[in-house]
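> What follows is a predicted structure for the sequence shown.
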Amino acid sequence: MAQAKNAGEAGQYYFPHGSRLPFFGSMSLFVLMAGAAATLNGASIGAWVLGAGALLLCALFFFWFGEVIRENQAGMYNEQVGRSFRMGMMWFIFSEVMFFAAFFGALFYARQLSVPWLGGEGEKAVTSLLWPGFEAAWPSNGPGALSPREDGSYETIPAFGLPAVNTALLLTSGLTITIAHHAMKMGNRGVLKIFLALTFLLGFTFLGVQAHEYGEAYREHGLQLGTGIYGSTFFMLTGFHGLHVTVGAIMLVVIWLRCMKGHFTPRQHFAFEAVAWYWHFVDVVWLGLFIFVYWL
Amino acid sequence: MAHGNEAAGHGNHDGPPKGLVRWLTTTNHKDIGTMYLVFSLAMFLIGGLMALAIRAELFQPGLQFVNPSFFNQLTTVHALVMVFGAVMPATVGLANWMIPLQIGAADMALPRMNLFSFWLLFFAFMLLISTFFVPGGAPAAGWTLYPPLVLQTGTAFPMAIFAIHMMGASSIMGAINVIVTIVNMRAPGMTLLKMPLFSWSWLITAYLLIAVMPVFAGGVTMLLTDYYFQTSFFNAAGGGDPVLFQHVFWFFGHPEVYIMILPAFGIISEIIPTFSRKPIFGYEAMVYAIASIAFLSFIVWAHHMFTVGMPLAGQLFFTLSTMLIAVPTGVKVFNWTTTMWRGSLSFEPPMLFALAFLFLFTIGGFSGLMLAIAPADFQYHDTYFVVAHFHYVLVPGAVFGIMAAVYYWLPKWTGHMYDMTLAKWHFWLTAIFVNVLFFPQHFLGLAGMQRRIPDYPTQFTDWNMVSSIGGFGFGLSQLLFVWVIIRCVKGGQRATAGVWDWPHGLEWTVPSPAPYHTFEKAPELH
């Protein structure tokens, strides 16, 4: 499809000339989104459209990254192209940081402003008319005591149980990927493969623990998405984080498979670096979660 | 696709494939720029039709043409279409066309992602516009989507939210591409402080986009989960607060208005020197002014929310920080004026639009200062004064900037000169009617007419009639714009490489029309 102009000619920036993938990708996302909207609106066909969209999107990723990897292996990318990719990835991660900032912002707003106001702090006294006797405290499921239980109670997940284990898992995975990176730079591919595998195994273990924790929260703690602002911020923050861990772990598997096939050189391994940055970003977000959602 | 490698390297001007396939698969920055610009023009006309329906309804008090619910849908979608479909894509189209030409790059740094951004935007609007045809109609809670009102939207609700997600993804990808192109692809010798101001304005705009679009995405995601998944972000019973959404929205929304105007600032900074035959006055100050405006745009958002109640310290802070923006903006206005001082001025259509921009945008800026004063804003909030203010900065501001850019670079794109007389007619009709349309809205707002209502007390009739006449005059004048462009694409007097009398910048060193591939070998700068 896309053909290299001056393929392999060193010093030339590689511009793909024509590609069907972007249109295909936009269409896939459209199908996915239309399917999601139909599902939410209760249309019976929605789930099928949603599934089709998801499949199309997976196909897009497969073909798109496949093409980029092929071009890369054919040596079409010079150093300047590599710089473009690196900068692109950094700015993409910055956009992800800002996405999480919105939800952290909501968390801090609830903790510092809206819940205290509902408890009568400041000049917004009207709230005490609506919900007399509500005393602001954190964690809170609000003056309406929203909870799946009849009495409106719920329990939070203690920080120094499974969440602490998860923190240890993710921090260790940050260490293993750094060891893998050093091994890559030294050309020590045995160590590289082992530590990369360890990294995604730790990632998947983290996800397993998280899933277990969600199960307990839903079944035993009365802590659900609908459990007031605590449940909302808890599940949205940890949920989006978990989604990012999933994506990151899949990316780790992909670069691990590529290592097995002998891709990457000690000097050129952009995909590895990009995934490593992403993994560290996910790690840092978790630290924020551990401190502000679970611990304090 | 059949691309030969026959003439490797420089001078290999292989053309695009024919027909529709070209537009579905092209990764060429000029093709993508053209698609963005055409898309934007189409959206400008669609959004314009909605505005005309609104103005027709408001011509007289009482309900004439549309029911109140449909009126609310019109105001909501008109805004979303104009902001995300007309103004932003137009500036992205200009960025695509002109940034590589201005910095001496062969293309955008990430061409496939570039095409992805465009088609994603296209499909996002398919999703958004289709909400008019679902049960309950389009979203009707205003483009600001405030809860709890927006949570009463029907079938359209998730469609609109997902459309916004897709637009956001498209914008972020486009912005990443601009930053990477400017930072990584400049020709040797094109240092940052030699870069044309249009490219500079876009570099900073792109940074704003990447910083705030994800926050907006987060905010509308919270709306979605509040609607469907029982979360309590905006529900006081659960400990949340509807005002939280306003904070999230305006943390995005205020930088967003600079996302729309900064590229126009860049355009004006290109055009005024050309037709004054003098370099821009205070180039570096212009760069720092844009950067300051961008920085300040992050710390002023709550001036949109004075009436929801906030501590006195908050009112003071947001009033003062907002007024501070007048300083760098003043630097820009004075520098544009000083550039013309003792210049050898001529008044071709781009210059006419740039001059109108200078005067009329400044009016919008001044009314912005009035709105920044918290106690005064209590009177103006949600009145037509606000409508007049932001239309002054967006229409004779951003849109005039875009029209000036089209008239400035059209000969470079098409290789033909356009009909100057018709273009001047277009300018004068537009400039006159835009004032007939929006200036009376200041009076209406100060007299107390609310925004977003289909009916109004009879004492507001006269100025509403004037405004509606201006609206139809303005709308019809734009057909002339379309006509001038179509004729110019089809033919006309051949344009030279320089096009204008005093061209400056790399884009004027390549032939007109700019060949399909330019600067495959980096140009030499001196």
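Sure thing, it's come through.
> For the rest of this, base every contact and every neighbour count on C-alpha atoms.
Noted.
> Break chain A down into its structural domains.
Split into domains by automatic domain parsing, chain A comes to A:1-77, A:79-295.
> Output those domains as CSV; include the columns distance to residue B:121 and mean neighbour count.
Shown next, in CSV, are the domains of chain A (distance: least, C-alpha to C-alpha, whole Å; neighbours: other C-alpha atoms under 10 Å in any protein chain shown):
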stretch, distance to residue B:121, mean neighbour count
domain A:1-77, 8, 19
domain A:79-295, 18, 19
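> Let me have the ones you listed in a markdown table, adding mean pLDDT and distance to chain B as columns.
A markdown table is the format used below for the domains of chain A (pLDDT from 0 to 100; distance: least, C-alpha to the nearest C-alpha, whole Å):
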| stretch | mean pLDDT | distance to chain B |
| --- | --- | --- |
| domain A:1-77 | 87 | 4 |
| domain A:79-295 | 94 | 4 |
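> looking at these, which is closest to residue B:135?
Closest approach to residue B:135 among these is made by domain A:1-77 (10.9 Å; C-alpha to C-alpha).
> and residue A:171, what is it in contact with?
residue A:283 (C-alpha atoms under 8 Å, 6 or more residues apart in numbering or on different chains).
> residue contacts, the closest residue to residue B:110 other than its chain neighbours?
Closest residue in space to residue B:110, ignoring its immediate chain neighbours: residue B:177 at 6.0 Å, by C-alpha to C-alpha, 6 or more residues apart in numbering or on different chains. Applying C-alpha under 8 Å, 6+ apart to residue B:177 gives the contacts A:88, B:108, B:109, B:110, B:113, B:114.
> For those residues, which entry has the maximal number of neighbours?
residue B:109 (30 neighbours; other C-alpha atoms under 10 Å in any protein chain shown).
> Check the gap between it and residue A:249 for me.
Noted for residue B:109: a distance of 28 Å to residue A:249, by C-alpha to C-alpha, to the nearest Å.
> Same question for residue B:356.
Distance of residue B:356 to residue A:249, computed by C-alpha to C-alpha: 55 Å.
> pLDDT wise, what is residue B:15 at?
We have a pLDDT of 71 for residue B:15.
> I meant residue B:522, not that one.
Per-residue pLDDT puts residue B:522 at 89.
> Hmm, it is touching residue B:187, no?
Yes - between residue B:522 and residue B:187 a contact is recorded at 5.4 Å, counting by C-alpha atoms under 8 Å.
> Looking at those two, which has the bigger crowd around it?
For residue B:522 and residue B:187, the more surrounded residue by other C-alpha under 10 Å is residue B:187, and the numbers stand at 20 against 16.
> Just give me how far whichever strand or helix holds residue B:361 sits from the chain centre.
Using DSSP states H and E, residue B:361 sits in helix B:349-372. Chain-centre distance of helix B:349-372: 15 Å, with C-alpha atoms, centre = their mean, to the nearest Å.
> Quick check: what element follows that helix along the chain?
For helix B:349-372, the following helix or strand on the C-terminal side (DSSP H and E) is helix B:374-380.
> Please work out which residues outside that next one touch it.
For helix B:374-380, using C-alpha under 8 Å, 6+ apart, the contacting residues are B:303, B:306, B:307, B:315, B:316, B:319, B:370, B:371, B:386, B:445, B:446, B:448.
> Quickly find the element holding the residue nearest to residue B:110.
Here residue B:177 is covered by helix B:156-184, with elements defined by DSSP H and E.
> before we move on, back to that, so of the contacts of helix B:374-380, which ones are in helices?
Counted as lying in helices by DSSP state H, out of these, are B:315, B:316, B:319, B:370, B:371, B:386, B:445, B:446.
> Could you identify the most distant pair in the residues you listed?
Maximum distance among those (C-alpha to C-alpha): 23.8 Å, for B:316 and B:445.
> So for these two, which sits in the more crowded spot?
Shown here are residue B:316 and residue B:445; by other C-alpha under 10 Å, residue B:445 has more neighbours (22 against 15).
> does that one really touch residue B:371, like I thought?
No - look at residue B:445 against residue B:371 with C-alpha under 8 Å: they stay out of range, at 11.8 Å.
> Find residues that contact each of those two.
B:380, B:386.
> From residue A:136, how far out is the closest residue to residue A:110 other than its chain neighbours?
Closest residue to residue A:110 apart from its sequence neighbours, by C-alpha to C-alpha, 6+ apart: residue B:240 at 6.1 Å. Distance of residue B:240 to residue A:136, computed by C-alpha to C-alpha: 12 Å.
> ditto for residue B:373
Residue B:373 is 33 Å from residue A:136, where distance means C-alpha to C-alpha.
> Is residue B:232 part of a helix or strand, or is it coil?
coil (DSSP: H, G, I helix; E, B strand; the rest coil).
> List the contacts of it.
Contacts of residue B:232 by C-alpha under 8 Å, 6+ apart are A:226, A:227, A:228, A:229, A:232, B:226, B:238, B:239, B:240.
> Ok, residue A:280 next?
Contacts of residue A:280 by C-alpha under 8 Å, 6+ apart are residue A:174.
> mind checking which helix or strand it is in?
Element membership for residue A:280, per DSSP H and E: helix A:270-289.
> what's the offset of that helix from the middle of its chain?
That offset, for helix A:270-289, works out to 9 Å (C-alpha atoms, centre = their mean).
> and it, C-alpha only, in CSV?
Output of helix A:270-289 as CSV, limited to C-alpha atoms (Å, rounded to 0.1, in the frame of the first residue of the first chain):
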residue,chain,number,x,y,z
PHE,A,270,11.9,3.3,19.8
ALA,A,271,8.9,1.0,20.4
PHE,A,272,10.6,-0.4,23.5
GLU,A,273,11.3,3.1,24.8
ALA,A,274,7.8,4.3,24.1
VAL,A,275,6.3,1.3,25.9
ALA,A,276,8.7,1.9,28.8
TRP,A,277,7.7,5.5,29.1
TYR,A,278,4.1,4.6,29.0
TRP,A,279,4.6,1.9,31.7
HIS,A,280,6.4,4.4,34.0
PHE,A,281,3.5,6.9,33.4
VAL,A,282,1.0,4.3,34.5
ASP,A,283,3.2,3.6,37.5
VAL,A,284,3.3,7.2,38.5
VAL,A,285,-0.5,7.6,38.2
TRP,A,286,-0.8,4.6,40.4
LEU,A,287,1.3,6.2,43.1
GLY,A,288,-1.0,9.2,43.0
LEU,A,289,-4.0,6.8,43.3
